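[1] sequence plus predicted model, see below.
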Amino acid sequence: MALQAHIKPIVYGIFNVGVGCGIVFANKAVLSVFNFKFVYCLTLIHTIVTMVGMWMFAAGGIFEIKRFTALQVAPLAAAFVGYVVFWNLSLQVNSVGFYQLSKIMVLPTVAALECVVTKRRLTRMECAAIALVVIGVVLATVTDSTVMTNMLGCLLSGAAIVFSAVYQVWIGTKQKELEAGSMQLMHQYTPWATGLLAVLVPIFEPVGFTDPAPGTILGFNYTFLSSVVIMGSAVLGLLVSWSTFLMIGATSGLTFNVIGHLKLIIVLAGGVAFFGDQMPPKKFAGVCIALAGIAWYSFQGLQKKQPAAAAKAGDAEKAVALEEKQPLVNGTEVRTPVIRKEAA
């Protein structure tokens, strides 16, 4: 049993790194290699697979179903659709490296938005760490000529960053407000997201209902390989959520953050190796500075949680219940079940 307890975190960590990096490369291949340019349709396929996966996980007892009203989850569905669509559009017109660097900017954007929405106050050290992240990203991007001349790519990445920040802040506040976990919320808002995308697809993309000509969704040349990659990317999207859930339950917050940094490095390296991204010295220096800022910011967050965890542990000796909080994907939190201590 002790050996199994040590193996689980390793297996879950490798699983999360594999699917987290794999979905970026799979989506890039779908959009750029196989030229499946229908981003809204691809997002709809991903959302349908995720919705069905949530139903299967709930039926398998991985999480307990919790019902919410439409007004409680519809805004989450809209924000989810917005950030996924814009990230896919960004990946379609940008390099893998710039796409991943853009994702780093979600951190300072979320911090700024939380200061406005939740009245959170950042310490000087946190501000310094965020400033280091911004400096690193700016240094890495201004030295890339392909980025500076791609105004559309910059605008799409900017929209994706804003939608991601809004989604993360909303899902964090909704978890606290509704006392629900991320998978419980996802189970409830993915049907709404699917319905919204089903409306958006025929509005923004040529479906080819009456004339399935080349250049339409129905007229696309669906070879065996392209179909496998499209469905594979959708399944990977589901597995990212599941692997994160498993990894958080089996590891610490520090491990979760370290694995996140590892995925960033692998994706950047994969962009250079498989998609021809350039990594000149100045860009590499910017990436290193940004990574240092992320690591510094994450370390401060973990330090803040240690006193709270210690206080809770002390209270548990005097009370009958202990409630812990763990970081979740996208920087939000989820409540774990209450662990009751039985009297001897």
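    Sure thing, it's come through.
[2] shaky segments in the stretch 151-300 of the chain?
    Within the stretch 151-300 of the chain, the stretches with pLDDT under 70 are 248-261.
[3] mind listing the helices for it?
    Applying DSSP state H, counting those that start in this stretch to the stretch 151-300 of the chain gives helices spanning 151-178, 182-204, 224-250, 253-274, 281-316.
[4] select, out of these, the one closest to Val30.
    helix 224-250 (5.5 Å; CB to CB). For glycine as for every other residue, the C-beta is placed from the backbone atoms N, C-alpha and C.
[5] want to throw the helices of the stretch 151-300 of the chain into JSON lines with distance to Arg67 and mean neighbour count?
    Output for these, formatted as JSON lines (distance: least, CB to CB, whole Å; neighbours: other CB atoms under 10 Å):
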{"stretch": "helix 151-178", "distance to Arg67": "10", "mean neighbour count": "19"}
{"stretch": "helix 182-204", "distance to Arg67": "7", "mean neighbour count": "19"}
{"stretch": "helix 224-250", "distance to Arg67": "20", "mean neighbour count": "19"}
{"stretch": "helix 253-274", "distance to Arg67": "29", "mean neighbour count": "17"}
{"stretch": "helix 281-316", "distance to Arg67": "29", "mean neighbour count": "15"}
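[6] tell me which of those sits nearest to Gly82.
    With CB to CB as the criterion, Gly82 lies closest to helix 151-178 of those, at 4.0 Å.
[7] packing partners for that closest one?
    helix 70-93, helix 96-104, helix 106-117, helix 182-204, strand 333-335 (3 or more CB pairs under 8 Å, 6 or more residues apart in numbering; DSSP states H and E).
[8] what's near enough to touch the residue nearest to Phe245 when sequence neighbours are not counted?
    Excluding its sequence neighbours, the residue lying closest to Phe245 (CB to CB, 6 or more residues apart in numbering) is Met183, at 6.0 Å. Residues in contact with Met183, defined by CB atoms under 8 Å, 6 or more residues apart in numbering, are 54, 57, 62-63, 241, 245.
[9] just to revisit the earlier point, adding distance to Leu139, write the helices and strands packed on helix 151-178 out as JSON lines.
    As requested, those are exported to JSON lines (distance: least, CB to CB, whole Å):
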{"stretch": "helix 70-93", "distance to Leu139": "20"}
{"stretch": "helix 96-104", "distance to Leu139": "10"}
{"stretch": "helix 106-117", "distance to Leu139": "15"}
{"stretch": "helix 182-204", "distance to Leu139": "33"}
{"stretch": "strand 333-335", "distance to Leu139": "32"}
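[10] what's the closest of the ones you listed to Pro9?
    The closest of the helices and strands packed on helix 151-178 to Pro9 is strand 333-335. By CB to CB, the value is 17.9 Å.
[11] separation between Ala165 and Ala128?
    20 Å (CB to CB, to the nearest Å).
[12] actually Leu264, not the one I typed
    Distance check for Leu264 against Ala128: by CB to CB, it reads 20 Å.
[13] what does Gly61 give?
    The value you get for Gly61 to Ala128, if CB to CB is used, is 45 Å.
[14] ok, those two, which is more surrounded?
    Neighbour count, other CB atoms under 10 Å: between Gly61 and Ala128, Ala128 has more, with 15 against 7.
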